[in-house]
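Peer 1: my questions are about this predicted structure, shown below with the sequence.
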Amino acid sequence: MDLGIRGKRGLVCAASKGLGRGCAEALAEAGVDLVINARGAEALNRTAEEIAAKYGVKVTPVAADITTDEGRAAVLEALGGQADILVNNAGGPPPGMWTDWSRDDFIKAIDANMLTAVALMQALVPGMMERGWGRVVNITSQSVRSPISVLGLSNTARAGLTGFVAGMSRQVAPSGVVINNLLPGIHATDRADSLDAGVAKAEGISVEEARHRREQTIPTHSYGTAQDFGATCAFMCSQQARFMVGQNILLDGGALNVTI
Ligand code: NAP
């Protein structure tokens, strides 16, 4: 399918690997010139070179912590202050117990997984509205639909972003700007590996056994891939997604056992 976005300019945050990279690759395949971001310069530069060589688009890497004011300023400068497509992403907060988290832990999680996305939308969406076209995808989590107790910081911050987007997406839709959230279930990335390693340690089993057990809880009996995720993200940034507004698209292999 031609997504109709060849020649658009996009920002994909936290994209040197994992789900962010999957989104960057699928957008590049659709012909989108990109600014991509992560903290570690080496992996980021390599990813940028690989994507540019494979898809023949312009890919500008900006090594910065997207959860800081300086990091966002560096990324916005590389974009010349405007983009047609924004994919918000950042690392997830650590697991823990509800009794352990301090106010500072909550502020850090809310900064990273809610207010960073809000700040980038505030910076880039006004330009999209002026030009009459824009697409924003916020990578959140399945935990927005069904809480993961040990990821209480994530449950909290992402629920806040979801509430904000529910209202804002409807305010900007008349200007041709389409904003939605994409909710990953379990995908095979380093993040999933580290969560599996945590379960393996807690239960005294191998990481492979932890993964196998978790796969069996998913109707597909497999984890999603960054390619699955990227393809969905690219569709949500396409011309064809014009009528999809303020939605929370759950990509989890059917793991959440609900009717609607
Ligand atoms: P990942 O494989 O660990 O990749 C994370 C990417 O984000 C890396 O490129 C990393 O590079 C970058 N990054 C992390 N913190 C950053 C920051 N502060 N500023 C800029 N870049 C940053 O993780 P993933 O699995 O793709 O997960 C992406 C998001 O989806 C996370 O928020 C995660 O919690 C959420 N999620 C994932 C799953 C899953 O199954 N994979 C499920 C639900 C939710 P650097 O380390 O070099 O910065």
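Peer 2: That came through fine.

Peer 1: flag every residue of this protein that's near the ligand.
Peer 2: On the criterion C-beta under 6 Å from any ligand atom, the ligand has as its neighbours in the chain the residues 14-20, 37-40, 43, 65-67, 89-92, 139, 141-142, 184, 186-187, 189-192. Where C-beta positions appear, they are placed from N, C-alpha and C, glycine not excepted.

Peer 1: in helices only, show me those residues.
Peer 2: Taking DSSP state H, the ones among the residues of the chain next to the ligand that sit in helices are Gly18, Leu19, Gly20, Ala43, Asp190, Arg191, Ala192.

Peer 1: which elements pack onto the helix or strand of the chain with the lowest mean pLDDT?
Peer 2: When the helices and strands of the chain are scored by mean pLDDT, DSSP states H and E, helix 190-203 comes last with a mean of 91. Helix 190-203 sits against helix 207-215, with contacts defined as 3 or more C-beta pairs under 8 Å, 6 or more residues apart in numbering; DSSP states H and E.

Peer 1: how far does the helix it packs on sit from its chain's centre?
Peer 2: Relative to the centre of its chain, helix 207-215 is centred 24 Å away, using C-alpha atoms, centre = their mean, to the nearest Å.

Peer 1: for the one helix or strand Gly10 maps to, which strands pair with it and how are they oriented?
Peer 2: Here Gly10 sits within strand 9-12, counting by DSSP states H and E. In the sheet containing strand 9-12, its partner strands are strand 33-38 (parallel), strand 85-88 (parallel), by DSSP bridges.

Peer 1: you'd agree Val32 is up against Arg6?
Peer 2: Yes. Using C-beta atoms under 8 Å, Val32 is in contact with Arg6, at 7.4 Å.

Peer 1: neighbour count: these two, which is higher?
Peer 2: In this comparison of Val32 against Arg6, neighbours counted by other C-beta atoms under 10 Å, the higher total goes to Val32 at 27 against 11.

Peer 1: circling back: now, of the ones in helices among the residues of the chain next to the ligand, which are buried?
Peer 2: Judged by neighbour count, with 16 or more other C-beta atoms under 10 Å as the criterion, the buried members of these are Gly18, Leu19, Gly20, Arg191, Ala192.

Peer 1: please convert the residues you listed to CSV, extending it with distance to Lys58.
Peer 2: CSV is the format used below for those (distance: C-beta to C-beta, whole Å):
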residue, distance to Lys58
Gly18, 22
Leu19, 22
Gly20, 18
Arg191, 28
Ala192, 31
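
Peer 1: and which of those is nearest to the ligand?
Peer 2: Minimum distance to the ligand across these is 2.3 Å, recorded for Gly18 (C-beta to the nearest ligand atom).

Peer 1: wait, Gln240 sits on Leu3?
Peer 2: Yes. In this structure, Gln240 is within contact of Leu3 by C-beta under 8 Å, at 7.0 Å.

Peer 1: more crowded one of those two?
Peer 2: Each of Gln240 and Leu3 has its neighbours counted (other C-beta under 10 Å); Leu3 has more, 20 against 14.

Peer 1: look up how far the ligand lies from the closest residue to that one other than its chain neighbours.
Peer 2: Beyond its immediate neighbours in the sequence, the residue positioned closest to Leu3 (C-beta to C-beta, 6 or more residues apart in numbering) is Ser238, lying 3.7 Å away. The spacing between Ser238 and the ligand, counted by C-beta to the nearest ligand atom, to the nearest Å, is 21 Å.

Peer 1: can you report how many residues lie near Ser238?
Peer 2: Other residues lying near Ser238 total 21 when counted by other C-beta under 10 Å.

Peer 1: ok now do it, which residues does it touch?
Peer 2: Under the criterion of C-beta atoms under 8 Å, 6 or more residues apart in numbering, the neighbours of Ser238 are Met1, Leu3, Gly4, Ile5, Ala30, Arg135.
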